[in-house]
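Participant: Here you go, sequence then predicted model.
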Protein chains: 2
Amino acid sequence: MANDTLKIRRIAIDTYHENVAYLHRDCSIYRAEGFQALSKIQVSTNGAKVLAVLNVVDDTSIVQACELGLSEQAFKQLNVAEGSLVTVNHAEPPKSMDAVRRKINGERLDQNDFNSITADIVDARYSKMEMAAFLVATGQNNLDRDELLFLTRAMLDSGDRMNWHEALVADKHCIGGIPGNRTSMLVVPIVAAHGMLIPKTSSRAITSPAGTADTMEVLAEVNLTPDQLNDIVRRERGCLAWGGTAKLAPVDDMLIAVERPLGIDSQGQMVASILSKKLAAGSTHLIVDIPVGPTAKVRQMRQALALRKLFEFVGDRLNLHLEVMITDGRQPVGHGIGPVLEARDVMQVLQNDPEAPADLRQKSLQLAGRILEFDPDVRGGQGYAIARDILESGRAWVKMNAFINAQGAKTLDLHPGQLCHEIMAVSDGVVTHIDNFQMAKIARMAGAPMLKKAGVDLLKKLGSPVRKGEVLYRIHAEFPADFQFAQHLARQDSGYTIGCDEQILKSLIEF
Amino acid sequence: MANDTLKIRRIAIDTYHENVAYLHRDCSIYRAEGFQALSKIQVSTNGAKVLAVLNVVDDTSIVQACELGLSEQAFKQLNVAEGSLVTVNHAEPPKSMDAVRRKINGERLDQNDFNSITADIVDARYSKMEMAAFLVATGQNNLDRDELLFLTRAMLDSGDRMNWHEALVADKHCIGGIPGNRTSMLVVPIVAAHGMLIPKTSSRAITSPAGTADTMEVLAEVNLTPDQLNDIVRRERGCLAWGGTAKLAPVDDMLIAVERPLGIDSQGQMVASILSKKLAAGSTHLIVDIPVGPTAKVRQMRQALALRKLFEFVGDRLNLHLEVMITDGRQPVGHGIGPVLEARDVMQVLQNDPEAPADLRQKSLQLAGRILEFDPDVRGGQGYAIARDILESGRAWVKMNAFINAQGAKTLDLHPGQLCHEIMAVSDGVVTHIDNFQMAKIARMAGAPMLKKAGVDLLKKLGSPVRKGEVLYRIHAEFPADFQFAQHLARQDSGYTIGCDEQILKSLIEF
């Protein structure tokens, strides 16, 4: 019936990962009250349809009684012209929520349950609330390892899968939580220079002050089409690109958008997220970096070992050659935190600059060495020496420049933000503790990662002797408001602890 | 700094229980990207502050770069004039989310944890996602009974508490799920006519086709000020009002707004919700009605018994005299489903009309009888006979009219919606099953409870013999779109099963 239709209108509101529909309270056909705020509706036209949360509007300049407004995301998803006629229906709650409720009640789910849950999530049938319910119900200790395998497989099958048509496609991944940990930007050029295929796609930072994609973007274009990506990888054996353009394990991105603001990050979900993404990207051989430290995601060695077992269990069953490296996560890696400052550190290491941060160099060589040993022609135990040779000879530097030129070089400007504030030691002693979480937060408040030049530059690291009044680190910002936010936070808690020699020795021994 | 402020603007969008702030993408001071979509912001002005989820806007007719828009709810909460200057900050995630995360990790929470969680929820510091996380983490089997007591006490303490200054303040509550179950509208006049204090405040329907408040509203005003409520109760010993104006256990309403769309309703949360609300309303003596049946909330007798123990445990420790009645929940109560149709049933019972539904009358007398026995002067076992006498003598009818006149009588019109569709039996036999859930859904689709005259009128109940083509029930609606929705649903599944005599006998014996 033509009488039942509304005219679609694009509402220029960005509601992020949740579709929102705007209906005027006086809408004569459907009468908004019948649909109740908070309930979901289904908007259909010519076969296309989209689900959205309903907001009721009392302002005809936003939406008129004969119109249905859709937020940017929902409008894009429906993909019809403004003014098209649509019909509106009550949306059924997603059927797979039954499985989520069974999980809440303590039942075990099977592969079919996980498949229907991920299918409904990909179809945007889940609200943020429903995703939160799923995440908590399958959180810490609530998934056994078979269920974790089912979940990983379901997430993998929810999107596209790349195939590089080679027997060995290498990759590395860190579980995160350590600022400045930009090893990928050193590992990938080294491994590609050796001739192994390493088509690295990375995420942008979500809650951290810089992701690999944000940092690489300081030097080169990272937003590549699938064709460009393919060409560059074929020619250079690697790349350092943003992974957001491909539809790899899309459920993962949607869950992360809920997981992060909730601050829940269970081991099971971490394993499913990382492995589904890597398998979708076509990786066959993977090194997983698990940093351990008092302010890292994993705080104790026994947790790291349990997590390693989970990675191994799922990786083996999904035919991924996987090795775990447990690393030192007691402090940020390198000196810089924030895209430009981290890019500077990386370039110093690649150029064998004596100022280059030794810890970033050392860790990258260890990771690269382990990957090189995936090569059947590399003798066990020789990977590190080969990686060091590639770096010291300048071949890694050459390879990085090849990536930069192939992806599209940017005008190089590695100067941090002009607004600069120095944080000083309040007493004599030795740096005994640096809080990863607090340093990341200060860098974010300063504007990272959106503002490339914002961040924190560490002058002292664990074990450094300091004098009262000596500079511990610098905050760099571009805008006064951010600059104030970051200084305020650093005044509340600098993130540094200065103690005596014995304490730092003790903490070194403990690791 | 005057430079850091934005002008507040009311955005006429009803975002229900979630505050939303609208910031233009080009906003020069805060640069929306730094705040990231989905993150929460804190809006402050002269001491007042409000937390809101951030939506980014690309349309200056909705919000300009120098403005900050607030949804209806958020604007009302901040309570300042349009155009006032506000400052915006990153909102810290609520501190008590740490306790929620501990619960997710399997820890036990203490009274302080529950107090800080409810305090943060009342302050609107929790997003819907965070509330969903809390609800799932404390859902089915995840709270022991001491934790349930802590939660109930915390919810009770989150709002105001009424005090009637009498030793015996009676109340009744049904856990819900049975359409047509309007016993309160009979129990309250009977009990008040006896002289006991029963200041009944009820909720409106959230997912059901009618609540007591919706149905009473057909006959009288239910939206009373605290003063009006107090006067009426003092004079008439009771009332039948909407409970939404008082700030009783406000956390409960906020959690329900998330619980219902998720379809999660654990026994623990049900107990905490009901008892915190009743204690806040000043009740000292409470009858809880737990209907049991295959399509009721509680499906098996052993679940009902376990739930009874939980009610008793928490009630005893919070000094509430509480008794549980386990009742027949195998089908809707009475004939009508929807406000007008249910009001008609109630009036028929009060007027001792021979057409009155016998099951509604019988159940109400049993409940009223149990409440009357709270009176020390009523001999054990005599309550039912007294209740029946009050009803049959017309004193309950007189009392109901006193309530109606005191609250404000409405023009009486008990005719259901003019659009009417009859659902017929498809074969000869006996009604062996009526699906409570499906009947409620059909009535809702027809427009109940928003449209008072919409709903379903049952002509046949369990055990009724029927002939093929005989009318089982009628759907009443006021608008063609609703009428179509409801008919469509009834065609998919009528909610009725017609079988042979043996089946209904079996089902009667099982109860």
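Facilitator: Perfect, thanks for sending it.
Participant: Quick one: the strands in the stretch 101-250 of chain A, in order.
Facilitator: Per DSSP state E, counting those that start in this stretch, the stretch 101-250 of chain A carries strands over the ranges A:170-174, A:198-202, A:238-242.
Participant: These into CSV, with extra columns for distance to chain B and mean neighbour count?
Facilitator: The way it works is simple: take the backbone N, C-alpha and C, and place the C-beta from them, glycine included. Formatted as CSV, the strands of the stretch 101-250 of chain A follow (distance: least, CB to the nearest CB, whole Å; neighbours: other CB atoms under 10 Å in any protein chain shown):
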stretch, distance to chain B, mean neighbour count
strand A:170-174, 22, 25
strand A:198-202, 18, 25
strand A:238-242, 16, 26
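Participant: Reformat these as TSV; add mean pLDDT.
Facilitator: TSV is the format used below for the strands of the stretch 101-250 of chain A (pLDDT from 0 to 100):
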stretch	mean pLDDT
strand A:170-174	97
strand A:198-202	93
strand A:238-242	94
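Participant: Tell me which of these approaches B:Gly244 most closely.
Facilitator: Shortest separation from B:Gly244 across the strands of the stretch 101-250 of chain A is recorded for strand A:238-242, at 49.4 Å, computed as CB to CB.
Participant: What is the neighbour count of A:Asp428?
Facilitator: For A:Asp428, the neighbour count with other CB atoms under 10 Å in any protein chain shown is 13.
Participant: Assign the residue of the stretch 301-450 of chain A found nearest chain B to helix, strand or coil.
Facilitator: Closest residue of the stretch 301-450 of chain A to chain B, CB to the nearest CB: A:Met450 (4.6 Å). With DSSP: H, G, I helix; E, B strand; the rest coil as the basis, the three-state label of A:Met450 is coil.
Participant: how far away is A:Ala296 from A:Ala91?
Facilitator: 42 Å (CB to CB, to the nearest Å).
Participant: now swap in A:Val333 and tell me
Facilitator: Counting by CB to CB - A:Val333 and A:Ala91 are separated by 46 Å.
Participant: For the two, indicate the residue with more neighbours.
Facilitator: A:Val333 (28 against 20).
Participant: Contact residues of the stretch 151-300 of chain A facing chain B?
Facilitator: A:257-258, A:261-264, A:266 (CB under 8 Å from any CB of the partner chain).
Participant: Buried ones only from these, please, as a PyMOL command.
Facilitator: The following PyMOL line selects those of these that are buried, judged by 16 or more other CB atoms under 10 Å in any protein chain shown:
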select buried, chain A and resi 257+258+261+262+264+266
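Participant: Can you show me the helices along the stretch 51-200 of chain A?
Facilitator: A:72-78, A:97-104, A:111-122, A:128-137, A:145-157, A:184-194 (DSSP state H, counting those that start in this stretch).
Participant: Same list (those) but as JSON lines, adding mean pLDDT and mean neighbour count.
Facilitator: Shown next, in JSON lines, are these (pLDDT from 0 to 100; neighbours: other CB atoms under 10 Å in any protein chain shown):
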{"stretch": "helix A:72-78", "mean pLDDT": "90", "mean neighbour count": "20"}
{"stretch": "helix A:97-104", "mean pLDDT": "92", "mean neighbour count": "21"}
{"stretch": "helix A:111-122", "mean pLDDT": "95", "mean neighbour count": "21"}
{"stretch": "helix A:128-137", "mean pLDDT": "92", "mean neighbour count": "26"}
{"stretch": "helix A:145-157", "mean pLDDT": "96", "mean neighbour count": "22"}
{"stretch": "helix A:184-194", "mean pLDDT": "98", "mean neighbour count": "27"}
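Participant: now those helices in JSON lines, with distance to B:Leu148?
Facilitator: JSON lines is the format used below for those (distance: least, CB to CB, whole Å):
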{"stretch": "helix A:72-78", "distance to B:Leu148": "39"}
{"stretch": "helix A:97-104", "distance to B:Leu148": "16"}
{"stretch": "helix A:111-122", "distance to B:Leu148": "29"}
{"stretch": "helix A:128-137", "distance to B:Leu148": "18"}
{"stretch": "helix A:145-157", "distance to B:Leu148": "28"}
{"stretch": "helix A:184-194", "distance to B:Leu148": "48"}
